[in-house]
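S.K.: Sequence unavailable; structure follows:
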(Lines give C-alpha, C1' and ligand atoms only; values in the text may rest on other atoms or scores of the structure.)
Protein backbone atom coordinates (compact mmCIF):
# COMPACT_ATOMS: atom_id res chain seq x y z
CA UNK A 1 0.00 0.00 0.00
CA UNK A 2 2.80 2.41 0.92
CA UNK A 3 4.72 1.69 -2.28
CA UNK A 4 1.52 2.23 -4.29
CA UNK A 5 0.95 5.54 -2.56
CA UNK A 6 4.55 6.55 -3.24
CA UNK A 7 4.13 5.70 -6.93
CA UNK A 8 0.88 7.67 -6.98
CA UNK A 9 2.64 10.68 -5.43
CA UNK A 10 5.38 10.45 -8.08
CA UNK A 11 2.83 10.34 -10.89
CA UNK A 12 0.96 13.34 -9.48
CA UNK A 13 4.23 15.25 -9.15
CA UNK A 14 4.97 14.59 -12.83
CA UNK A 15 1.43 15.77 -13.66
CA UNK A 16 2.08 18.96 -11.67
CA UNK A 17 5.23 19.45 -13.75
CA UNK A 18 3.12 18.99 -16.88
CA UNK A 19 0.80 21.72 -15.62
CA UNK A 20 3.66 24.09 -14.82
CA UNK A 21 5.34 23.47 -18.16
CA UNK A 22 2.15 24.07 -20.13
CA UNK A 23 1.33 27.21 -18.15
CA UNK A 24 4.84 28.62 -18.56
CA UNK A 25 4.64 28.44 -22.35
CA UNK A 26 1.26 30.19 -22.70
CA UNK A 27 1.61 34.00 -22.78
CA UNK A 28 -0.24 35.49 -19.81
CA UNK A 29 -0.30 32.36 -17.65
CA UNK A 30 2.17 31.78 -14.81
CA UNK A 31 3.52 28.35 -13.91
CA UNK A 32 4.08 29.69 -10.41
CA UNK A 33 0.30 29.93 -9.97
CA UNK A 34 0.05 26.18 -10.68
CA UNK A 35 2.69 25.52 -8.02
CA UNK A 36 0.88 27.80 -5.57
CA UNK A 37 -2.56 26.28 -6.09
CA UNK A 38 -1.29 22.69 -6.19
CA UNK A 39 0.35 23.28 -2.80
CA UNK A 40 4.04 22.78 -3.58
CA UNK A 41 5.21 26.36 -4.20
CA UNK A 42 7.24 26.80 -1.00
CA UNK A 43 8.83 23.33 -1.33
CA UNK A 44 9.72 24.23 -4.93
CA UNK A 45 11.40 27.50 -3.86
CA UNK A 46 13.25 25.96 -0.91
CA UNK A 47 14.42 23.00 -3.03
CA UNK A 48 15.89 25.35 -5.63
CA UNK A 49 17.54 27.29 -2.79
CA UNK A 50 19.47 24.11 -1.96
CA UNK A 51 21.37 24.45 -5.24
CA UNK A 52 24.23 26.34 -3.60
CA UNK A 53 27.93 26.10 -2.80
CA UNK A 54 27.48 23.15 -0.46
CA UNK A 55 25.59 21.23 -3.16
CA UNK A 56 28.34 21.81 -5.73
CA UNK A 57 30.96 20.78 -3.17
CA UNK A 58 29.15 17.47 -2.66
CA UNK A 59 28.95 17.01 -6.42
CA UNK A 60 32.63 17.79 -7.03
CA UNK A 61 33.66 15.38 -4.24
CA UNK A 62 31.70 12.58 -5.90
CA UNK A 63 29.09 12.29 -3.15
CA UNK A 64 26.27 11.99 -5.66
CA UNK A 65 23.72 10.38 -3.35
CA UNK A 66 24.28 13.04 -0.69
CA UNK A 67 24.02 15.72 -3.39
CA UNK A 68 20.74 14.24 -4.69
CA UNK A 69 19.24 14.06 -1.19
CA UNK A 70 20.48 17.52 -0.21
CA UNK A 71 18.80 19.29 -3.15
CA UNK A 72 15.56 17.28 -2.72
CA UNK A 73 16.49 15.60 -5.99
CA UNK A 74 13.50 13.27 -6.30
CA UNK A 75 11.06 16.18 -6.04
CA UNK A 76 13.02 18.44 -8.43
CA UNK A 77 13.78 15.73 -11.01
CA UNK A 78 10.19 14.46 -11.25
CA UNK A 79 8.82 18.00 -11.47
CA UNK A 80 11.24 19.02 -14.23
CA UNK A 81 10.68 15.71 -16.01
CA UNK A 82 7.00 16.62 -16.20
CA UNK A 83 7.87 20.10 -17.49
CA UNK A 84 10.09 18.67 -20.25
CA UNK A 85 7.38 16.22 -21.33
CA UNK A 86 4.89 19.08 -21.30
CA UNK A 87 7.04 21.27 -23.50
CA UNK A 88 7.04 18.72 -26.32
CA UNK A 89 3.50 17.39 -25.83
CA UNK A 90 0.90 19.22 -23.71
CA UNK A 91 2.12 22.65 -24.77
CA UNK A 92 1.77 21.57 -28.44
CA UNK A 93 -1.86 20.62 -27.76
CA UNK A 94 -2.37 24.02 -26.13
CA UNK A 95 -0.90 25.72 -29.20
CA UNK A 96 -3.48 23.90 -31.35
CA UNK A 97 -6.37 24.74 -29.01
CA UNK A 98 -5.41 28.42 -28.85
CA UNK A 99 -5.21 28.48 -32.65
CA UNK A 100 -8.70 26.99 -33.11
CA UNK A 101 -10.59 27.71 -29.85
CA UNK A 102 -8.81 30.80 -28.58
CA UNK A 103 -11.75 32.39 -26.73
CA UNK A 104 -12.59 29.24 -24.77
CA UNK A 105 -8.97 28.49 -23.86
CA UNK A 106 -8.46 32.01 -22.51
CA UNK A 107 -11.78 31.69 -20.66
CA UNK A 108 -10.55 28.57 -18.86
CA UNK A 109 -7.30 30.34 -17.94
CA UNK A 110 -9.23 33.40 -16.76
CA UNK A 111 -11.35 31.18 -14.52
CA UNK A 112 -8.26 29.42 -13.17
CA UNK A 113 -6.71 32.78 -12.27
CA UNK A 114 -9.91 33.84 -10.46
CA UNK A 115 -9.94 30.50 -8.63
CA UNK A 116 -6.27 30.98 -7.73
CA UNK A 117 -6.98 34.41 -6.24
CA UNK A 118 -9.74 32.88 -4.10
CA UNK A 119 -7.51 29.97 -3.08
CA UNK A 120 -4.58 32.12 -1.98
CA UNK A 121 -6.71 34.82 -0.35
CA UNK A 122 -9.10 32.61 1.66
CA UNK A 123 -6.46 31.59 4.22
CA UNK A 124 -4.65 34.92 4.26
CA UNK A 125 -5.76 36.86 7.36
CA UNK A 126 -2.87 39.25 7.97
CA UNK A 127 -4.36 42.35 6.29
CA UNK A 128 -2.96 45.70 7.42
CA UNK A 129 -1.75 48.90 5.80
CA UNK A 130 1.55 47.25 4.77
CA UNK A 131 -0.07 44.25 3.11
CA UNK A 132 -2.75 46.41 1.45
CA UNK A 133 0.02 48.64 0.07
CA UNK A 134 1.92 45.59 -1.14
CA UNK A 135 -1.30 44.28 -2.75
CA UNK A 136 -1.86 47.59 -4.58
CA UNK A 137 1.72 47.70 -5.85
CA UNK A 138 1.42 44.09 -7.07
CA UNK A 139 -1.82 44.87 -8.94
CA UNK A 140 -0.31 48.01 -10.49
CA UNK A 141 2.83 46.21 -11.71
CA UNK A 142 0.89 43.19 -12.98
CA UNK A 143 -1.65 45.33 -14.85
CA UNK A 144 0.98 47.71 -16.26
CA UNK A 145 2.96 44.85 -17.81
CA UNK A 146 -0.07 43.68 -19.80
CA UNK A 147 -0.32 47.02 -21.64
CA UNK A 148 3.33 47.44 -22.61
CA UNK A 149 4.32 47.32 -26.28
CA UNK A 150 6.75 44.57 -27.33
CA UNK A 151 10.32 45.29 -28.39
CA UNK A 152 12.05 44.00 -31.54
CA UNK A 153 13.76 40.61 -31.64
CA UNK A 154 17.35 40.67 -30.36
CA UNK A 155 19.67 37.63 -30.56
CA UNK A 156 22.63 39.25 -28.78
CA UNK A 157 23.84 36.49 -26.44
CA UNK A 158 24.10 38.78 -23.39
CA UNK A 159 20.52 39.89 -23.96
CA UNK A 160 19.46 36.26 -24.49
CA UNK A 161 21.07 35.38 -21.14
CA UNK A 162 19.11 38.24 -19.53
CA UNK A 163 15.92 36.90 -21.17
CA UNK A 164 16.63 33.52 -19.59
CA UNK A 165 16.89 35.09 -16.14
CA UNK A 166 13.68 37.09 -16.60
CA UNK A 167 11.65 34.31 -18.25
CA UNK A 168 11.80 32.02 -15.20
CA UNK A 169 9.98 34.66 -13.17
CA UNK A 170 6.77 32.89 -14.19
CA UNK A 171 7.95 29.73 -12.44
CA UNK A 172 9.13 31.37 -9.25
CA UNK A 173 6.76 34.34 -9.00
CA UNK A 174 3.03 33.55 -9.35
CA UNK A 175 1.21 36.08 -11.51
CA UNK A 176 4.23 36.92 -13.67
CA UNK A 177 4.03 35.18 -17.06
CA UNK A 178 7.56 34.44 -18.26
CA UNK A 179 6.38 33.78 -21.83
CA UNK A 180 4.46 37.08 -21.94
CA UNK A 181 7.57 38.88 -20.65
CA UNK A 182 9.48 37.29 -23.57
CA UNK A 183 6.86 38.68 -25.99
CA UNK A 184 7.42 42.15 -24.51
CA UNK A 185 11.20 41.68 -24.81
CA UNK A 186 10.67 40.68 -28.47
CA UNK A 187 12.26 37.23 -28.13
CA UNK A 188 9.33 34.83 -27.58
CA UNK A 189 9.56 33.26 -31.06
CA UNK A 190 13.36 33.23 -31.09
CA UNK A 191 13.71 31.49 -27.71
CA UNK A 192 10.57 29.35 -27.38
CA UNK A 193 9.97 28.42 -31.03
CA UNK A 194 12.93 28.82 -33.40
CA UNK A 195 15.71 27.69 -31.06
CA UNK A 196 13.65 24.73 -29.76
CA UNK A 197 12.85 23.69 -33.34
CA UNK A 198 16.57 23.87 -34.11
CA UNK A 199 17.29 21.51 -31.20
CA UNK A 200 14.52 19.14 -32.32
CA UNK A 201 15.85 19.12 -35.91
CA UNK A 202 19.39 18.51 -34.63
CA UNK A 203 18.32 15.48 -32.56
CA UNK A 204 16.40 14.18 -35.58
CA UNK A 205 19.48 14.58 -37.82
CA UNK A 206 21.77 12.85 -35.29
CA UNK A 207 19.39 9.87 -34.95
CA UNK A 208 19.42 9.54 -38.75
CA UNK A 209 23.21 9.77 -38.78
CA UNK A 210 23.15 13.10 -40.59
CA UNK A 211 25.76 15.54 -39.23
CA UNK A 212 25.56 18.11 -42.02
CA UNK A 213 24.05 20.59 -39.54
CA UNK A 214 27.59 21.23 -38.32
CA UNK A 215 28.11 23.38 -41.43
CA UNK A 216 24.75 25.11 -41.03
CA UNK A 217 25.68 28.46 -39.47
CA UNK A 218 22.04 29.40 -38.78
CA UNK A 219 21.40 26.11 -36.96
CA UNK A 220 24.57 26.44 -34.90
CA UNK A 221 23.63 30.02 -34.02
CA UNK A 222 20.19 28.88 -32.85
CA UNK A 223 21.75 26.14 -30.71
CA UNK A 224 24.09 28.73 -29.17
CA UNK A 225 21.10 30.97 -28.44
CA UNK A 226 19.23 28.07 -26.80
CA UNK A 227 22.28 27.08 -24.72
CA UNK A 228 22.79 30.65 -23.44
CA UNK A 229 19.04 31.02 -22.78
CA UNK A 230 19.11 27.77 -20.78
CA UNK A 231 22.10 28.96 -18.73
CA UNK A 232 20.31 32.24 -18.05
CA UNK A 233 17.18 30.34 -16.98
CA UNK A 234 19.18 28.18 -14.56
CA UNK A 235 20.93 31.25 -13.16
CA UNK A 236 17.55 32.97 -12.79
CA UNK A 237 15.97 29.97 -11.07
CA UNK A 238 18.74 29.73 -8.50
CA UNK A 239 18.93 33.50 -7.96
CA UNK A 240 15.17 34.03 -7.66
CA UNK A 241 14.78 31.01 -5.38
CA UNK A 242 17.39 32.31 -2.93
CA UNK A 243 15.88 35.78 -3.00
CA UNK A 244 12.29 34.56 -2.58
CA UNK A 245 13.27 32.10 0.13
CA UNK A 246 14.87 34.95 2.09
CA UNK A 247 11.85 37.23 1.55
CA UNK A 248 9.27 34.54 2.38
CA UNK A 249 11.09 33.73 5.61
CA UNK A 250 11.25 37.34 6.82
CA UNK A 251 8.37 39.12 5.08
CA UNK A 252 5.90 36.35 4.35
CA UNK A 253 2.68 38.37 4.70
CA UNK A 254 3.92 41.25 2.55
CA UNK A 255 5.23 38.80 -0.07
CA UNK A 256 1.97 36.82 -0.20
CA UNK A 257 -0.11 40.00 -0.53
CA UNK A 258 2.15 41.17 -3.37
CA UNK A 259 1.74 37.78 -5.07
CA UNK A 260 -2.05 38.10 -4.78
CA UNK A 261 -1.68 41.54 -6.38
CA UNK A 262 0.46 40.18 -9.23
CA UNK A 263 -2.14 37.51 -9.95
CA UNK A 264 -5.01 40.03 -9.90
CA UNK A 265 -3.00 42.28 -12.23
CA UNK A 266 -2.43 39.36 -14.62
CA UNK A 267 -6.19 39.13 -15.25
CA UNK A 268 -5.69 41.88 -17.82
CA UNK A 269 -3.35 39.64 -19.81
CA UNK A 270 -5.65 36.60 -19.81
CA UNK A 271 -8.91 38.54 -20.40
CA UNK A 272 -10.69 36.18 -22.84
CA UNK A 273 -12.27 38.79 -25.09
CA UNK A 274 -9.40 40.22 -27.08
CA UNK A 275 -8.20 40.51 -30.64
CA UNK A 276 -4.73 39.16 -31.27
CA UNK A 277 -2.39 41.69 -32.86
CA UNK A 278 0.21 39.98 -35.03
CA UNK A 279 3.60 41.27 -36.05
CA UNK A 280 3.61 42.85 -39.50
CA UNK A 281 6.36 43.24 -42.07
CA UNK A 282 7.08 46.52 -43.85
CA UNK A 283 4.62 45.64 -46.62
CA UNK A 284 1.82 45.03 -44.08
CA UNK A 285 1.74 41.22 -44.32
CA UNK A 286 1.67 39.04 -41.18
CA UNK A 287 5.08 37.65 -40.21
CA UNK A 288 5.26 33.87 -39.74
CA UNK A 289 7.79 31.93 -37.66
CA UNK A 290 9.76 28.92 -38.95
CA UNK A 291 6.74 26.63 -38.34
CA UNK A 292 4.37 28.85 -40.30
CA UNK A 293 2.66 30.14 -37.14
CA UNK A 294 1.64 33.80 -36.91
CA UNK A 295 3.81 35.78 -34.49
CA UNK A 296 1.84 37.47 -31.68
CA UNK A 297 2.74 41.09 -30.96
CA UNK A 298 0.10 41.93 -28.34
CA UNK A 299 -3.64 41.93 -27.68
CA UNK A 300 -6.49 44.43 -28.06
CA UNK A 301 -9.15 43.82 -25.39
CA UNK A 302 -12.88 44.55 -25.71
CA UNK A 303 -16.20 44.09 -23.84
CA UNK A 304 -18.21 41.23 -25.42
CA UNK A 305 -21.79 41.33 -26.62
CA UNK A 306 -24.29 38.87 -25.13
CA UNK A 307 -24.17 36.07 -27.71
CA UNK A 308 -24.20 32.28 -27.44
CA UNK A 309 -20.42 32.33 -27.84
CA UNK A 310 -20.13 34.69 -24.87
CA UNK A 311 -22.30 32.44 -22.69
CA UNK A 312 -20.16 29.43 -23.67
CA UNK A 313 -17.05 31.42 -22.73
CA UNK A 314 -18.57 32.29 -19.34
CA UNK A 315 -19.31 28.58 -18.81
CA UNK A 316 -15.65 27.82 -19.52
CA UNK A 317 -14.64 30.49 -16.97
CA UNK A 318 -16.61 28.59 -14.33
CA UNK A 319 -14.97 25.39 -15.58
CA UNK A 320 -11.56 26.98 -14.95
CA UNK A 321 -12.62 27.96 -11.44
CA UNK A 322 -13.81 24.36 -10.87
CA UNK A 323 -10.39 23.02 -11.93
CA UNK A 324 -8.68 25.10 -9.23
CA UNK A 325 -11.23 24.14 -6.58
CA UNK A 326 -10.74 20.49 -7.57
CA UNK A 327 -6.97 20.85 -7.14
CA UNK A 328 -7.56 22.47 -3.75
CA UNK A 329 -9.85 19.59 -2.71
CA UNK A 330 -7.25 17.05 -3.82
CA UNK A 331 -4.53 18.91 -1.91
CA UNK A 332 -6.58 18.91 1.31
CA UNK A 333 -7.41 15.24 0.87
CA UNK A 334 -3.81 14.16 0.35
CA UNK A 335 -2.62 16.22 3.33
CA UNK A 336 -5.06 14.30 5.56
CA UNK A 337 -3.76 10.92 4.42
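M.R.: Sure, I can see it. What you see is a predicted model, and the numbers here were worked out from it, not measured in a lab. Numbering: from 1, shown residues only.

S.K.: where does residue 202 land on pLDDT?
M.R.: Residue 202 is assigned 86 on the pLDDT scale.

S.K.: what about it, how many neighbours?
M.R.: 20 (other CB atoms under 10 Å). C-beta: built from backbone N, CA, C; applies to glycine.

S.K.: repeat for residue 12
M.R.: Count around residue 12 with other CB under 10 Å applied: 16.

S.K.: what does residue 79 give?
M.R.: By other CB under 10 Å, the burial measure for residue 79, its neighbour count, is 22.

S.K.: for the stretch 201-337 of the chain, which spans come out with low pLDDT?
M.R.: The stretch 201-337 of the chain contains residues with pLDDT under 70 at 278-284, 286-299, 327-337.

S.K.: Now do the contacts for residue 251.
M.R.: By CB atoms under 8 Å, 6 or more residues apart in numbering, no residues touch residue 251.

S.K.: Report the distance from stretch 220-228 to the chain centre.
M.R.: Going by CA atoms, centre = their mean, to the nearest Å, the spacing between the C-alpha centre of stretch 220-228 and its chain's C-alpha centre is 21 Å.

S.K.: which parts of it are buried?
M.R.: Neighbour counts using 16 or more other CB atoms under 10 Å place 222, 223, 225, 226, 228 of stretch 220-228 among the buried residues.

S.K.: surely residue 18 meets residue 85?
M.R.: Yes. Between residue 18 and residue 85 there is a contact at 6.2 Å, judged by CB atoms under 8 Å.

S.K.: returning to that earlier point: generate TSV for the buried residues of stretch 220-228, with distance to residue 52 and secondary structure as supplementary columns.
M.R.: TSV is the format used below for these (distance: CB to CB, whole Å; DSSP: H, G, I helix; E, B strand; the rest coil):
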residue	distance to residue 52	secondary structure
222	32	helix
223	29	helix
225	28	helix
226	26	helix
228	23	helix
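
S.K.: I'd like to know which of the residues you listed is nearest to residue 33.
M.R.: Residue 33 lies nearest to residue 226 out of the buried residues of stretch 220-228, by CB to CB, at 25.9 Å.

S.K.: if we can go back for a sec, between residue 18 and residue 85, which one's more packed in?
M.R.: Neighbour count, other CB under 10 Å: between residue 18 and residue 85, residue 18 has more, with 22 against 16.

S.K.: Which strand or helix spans that one?
M.R.: Assigning secondary structure by DSSP states H and E places residue 18 in helix 2-25.

S.K.: Summarise which helices and strands the helix or strand containing residue 275 is packed against.
M.R.: Assigned by DSSP H and E, residue 275 belongs to strand 274-278. In terms of contacts (3 or more CB pairs under 8 Å, 6 or more residues apart in numbering; DSSP states H and E), strand 274-278 is packed against strand 296-301.

S.K.: circling back: what strands line up against the strand holding residue 275, and which way round?
M.R.: strand 296-301 (antiparallel) (DSSP bridges).

S.K.: Would you mind giving the buried residues of stretch 220-228 as CSV with distance to residue 209 added?
M.R.: Converted to CSV, these look like this (distance: CB to CB, whole Å):
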residue, distance to residue 209
222, 21
223, 18
225, 25
226, 22
228, 28
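
S.K.: Which one of those residues is nearest to residue 190?
M.R.: residue 225 (6.7 Å).

S.K.: Next up, the contacts around the closest one.
M.R.: So residue 225 contacts 155, 157, 160, 190, 191, 195 (CB under 8 Å, 6+ apart).

S.K.: Just the pLDDT for the second one.
M.R.: Listed pLDDT for residue 157 reads 88.

S.K.: gap between it and residue 190?
M.R.: Separation of residue 157 from residue 190 (CB to CB, to the nearest Å): 12 Å.

S.K.: Between those two, which is the more surrounded one?
M.R.: residue 190 (22 against 15).

S.K.: dump the residue contacts of the residue nearest to the more buried one when sequence neighbours are not counted.
M.R.: Of all residues not flanking residue 190 in the chain, residue 153 sits nearest, at 5.4 Å (CB to CB, 6 or more residues apart in numbering). Neighbouring residues of residue 153 by CB under 8 Å, 6+ apart: 186, 187, 189, 190.

S.K.: quick revisit: just name the closest of the buried residues of stretch 220-228 to residue 48, please.
M.R.: The closest of the buried residues of stretch 220-228 to residue 48 turns out to be residue 228 (CB to CB; 20.3 Å).

S.K.: and which of the contacts of residue 225 is nearest residue 34?
M.R.: Closest to residue 34, out of all of the contacts of residue 225 and judged by CB to CB, is residue 191, at 20.8 Å.

S.K.: which residues touch the closest one?
M.R.: Residue 191 touches 160, 163, 164, 167, 182, 225, 226, 229, counting by CB under 8 Å, 6+ apart.

S.K.: Rebuild these as CSV, extending it with secondary structure and distance to residue 41.
M.R.: CSV is the format used below for these (DSSP: H, G, I helix; E, B strand; the rest coil; distance: CB to CB, whole Å):
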residue, secondary structure, distance to residue 41
160, helix, 28
163, helix, 24
164, helix, 21
167, helix, 18
182, helix, 22
225, helix, 30
226, helix, 27
229, helix, 24
